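Enquirer: Return a 3D structure for these sequence lines:
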Amino acid sequence: MLNIPLTNLALAFIPVLVVLIIIWRWNIGIKSSLYAIFRMIIQLLLIGYVLTYIFETNSNYIVISVLSIMLVSASWISLRTSSLPRRILLLNAINAILIGGVSVLIIMTQGVLMIDPWYEPSFMIPLAGMIFANCMNGISLAAERLESELNQGKSFSEAKVIALKTSLIPITNMLLAVGLVSLPGMMTGQILSGVSPMIAVRYQIMVMCMFFSSTGISVAVFLQSVRGQFKNKEIA
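Expert: Okay, the predicted model is just below:
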């Protein structure tokens with residue numbers, strides 16, 4: 001794996017600057033984009049130091065604590081598309097990601113990879129982050145679509161099906177495009193670090209199964225559990 005000098009890394013911000021100029025010229029709110037980019041840099045630098053510490057300590061208690069924070073954060077962020085107060089749906093989202101995300105994480109780390117110890121931070125935390133992020137995006141899409149369909153007069157049963165279908169569009173597109181249009185991040189990273197492409201392919205197949213199953217299960221659980229909270233929005 002090549003070490004990227006900071007001077008070279010700075011070149012990556014040239015196309016970012018181009019987009020910022022477009023946003024500024026089109027007057028669509030440059031502050032939010034600047035904030036997002038700045039926050040991304042700070043968060044990644046901090047997590048770099050945090051992960052270095054976690055990997056060195058190799059403590060199961062720390063790993064569990066980190067996973068808990070990640071799960072709650074993903075649940076909270078996933079509800080930003082809903083007009084209902086987040087606190088009303090937070091337990092539903094946490095429960096959904098717990099069932100759909102954590103169960104898949106256990107199968108992949110303990111059944112497929114058989115990592116030892118079971119809490120190996122260098123495997124558990126990155127994989128959990130990938131799973132929780134996909135669950136988060138799926139729930140976010142589903143919540144927005146569910147409300148939209150209910151506001152258009154659909155029954156909850158009809159809206160629920162449409163919401164699930166919508167939430168699976170990104171991951172379905174990924175399944176169709178992988179290897180044909182794109183080489184996903186994990187596979188690319190492994191190949192760049194010198195791993196055999198055939199070994200990288202096995203890992204990527206695991207990751208795609210991980211994404212599809214965790215998203216589908218967590219969204220289905222979420223949609224099944226929120227009917228009571230959305231009952232006032234159901235018209236039909």
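Enquirer: Show me which residues of the strand or helix carrying L164 are buried.
Expert: L164 is part of helix 156-167, with elements assigned from DSSP states H and E. The neighbour-count check on helix 156-167 (16 or more other C-beta atoms under 10 Å) flags 156, 159-160, 162-164, 166-167 as buried. Every C-beta, even on glycine, is put in place using the N, C-alpha and C of the backbone.
Enquirer: any idea which of those is closest to Y61?
Expert: Nearest to Y61, judged by C-beta to C-beta, of these is S167 at 33.5 Å.
Enquirer: ok so, going back, for the helix holding L164, enumerate the helices and strands it packs against.
Expert: helix 121-151, helix 197-225 (3 or more C-beta pairs under 8 Å, 6 or more residues apart in numbering; DSSP states H and E).
Enquirer: hmm, who's touching that helix?
Expert: By C-beta atoms under 8 Å, 6 or more residues apart in numbering, the list of residues contacting helix 156-167 from outside reads 137-139, 141-143, 145-146, 149-150, 154, 215-216, 219-220, 223-224, 227, 230-231, 234, 236.
Enquirer: Put the alpha carbons of the helix or strand hosting L67 into CSV.
Expert: Element membership of L67, judged by DSSP H and E, is helix 60-78. Listed next in CSV are the C-alpha coordinates belonging to helix 60-78 (Å, rounded to 0.1, in the frame of the first residue of the first chain):
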residue,chain,number,x,y,z
ASN,A,60,-13.5,-6.5,24.0
TYR,A,61,-15.1,-3.9,26.3
ILE,A,62,-13.8,-1.0,24.2
VAL,A,63,-15.0,-2.7,21.0
ILE,A,64,-18.5,-3.3,22.4
SER,A,65,-18.6,0.3,23.5
VAL,A,66,-17.6,1.6,20.1
LEU,A,67,-20.1,-0.6,18.3
SER,A,68,-22.8,0.6,20.7
ILE,A,69,-22.0,4.3,19.9
MET,A,70,-21.9,3.5,16.2
LEU,A,71,-25.3,1.7,16.3
VAL,A,72,-27.0,4.6,18.2
SER,A,73,-25.5,7.2,15.9
ALA,A,74,-26.6,5.4,12.8
SER,A,75,-30.1,5.0,14.2
TRP,A,76,-30.3,8.7,15.0
ILE,A,77,-28.9,9.9,11.6
SER,A,78,-31.2,7.5,9.7
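Enquirer: Kindly provide the whole-number mean pLDDT of that helix.
Expert: Summarised as a single mean, pLDDT over helix 60-78 is 93.
Enquirer: Just want the angle from that helix to helix 121-151.
Expert: 20 degrees (axes from the mean of the first three to the mean of the last three C-alpha atoms, to 10 degrees).
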